[in-house]
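K.L.:
Have a look; sequence and predicted model below, questions after that.
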Amino acid sequence: MMKAKEIVTYLFYLVALANVLGVLFNVPVVIYTAKPLISITLFAMYNYSLTKLNRWYVYTLIACFLGDSLSLFEDN
């Protein structure tokens, strides 16, 4: 049976690959879905890797998530 850390790691790789393929083939639905999920899965990987979290790293991941989410809806 796979551990939660391994599942989250594979999920991160899958989301990152989906984001790259979405940008490469210009599929907006995939880009809008995968880009914010990168920060979420990265936080999950960080959470499962350590016993004590660094709060500044968590704040940085939250800022990255907000930046990625808000930058998706900019006007051209």
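P.N.:
Received, thanks.

K.L.:
For the residue nearest the centre of the chain, give me its contacts.
P.N.:
For the chain, the residue nearest the mean C-alpha position is I38 (1.1 Å; Cα atoms, centre = their mean). Taking Cβ atoms under 8 Å, 6 or more residues apart in numbering, we find I38 in contact with F12, V15, A16, N19, D68. Just so you know, the C-beta spots here come from the backbone N, C-alpha and C atoms, and that holds for glycine as well.

K.L.:
try K3
P.N.:
With Cβ under 8 Å, 6+ apart, K3 has no contacts at all.

K.L.:
Might you calculate how far the helix or strand harbouring W56 sits from the centre of the chain?
P.N.:
Using DSSP states H and E, W56 sits within helix 55-71. Relative to its chain's centre, helix 55-71 lies at 10 Å (Cα atoms, centre = their mean, to the nearest Å).

K.L.:
helices or strands up against it?
P.N.:
Under the contact criterion of 3 or more Cβ pairs under 8 Å, 6 or more residues apart in numbering; DSSP states H and E, helix 55-71 touches helix 28-49.

K.L.:
Below-threshold pLDDT in the protein: ranges please.
P.N.:
74-76 (pLDDT under 70).

K.L.:
What about L37, how many residues nearby?
P.N.:
The number of residues packed near L37 is 18, by other Cβ atoms under 10 Å.

K.L.:
Nearest residue to it in space, please, no chain neighbours.
P.N.:
Take L37 and drop its neighbours on the chain: the residue closest to it by Cβ to Cβ, 6 or more residues apart in numbering is V15, 4.6 Å away.
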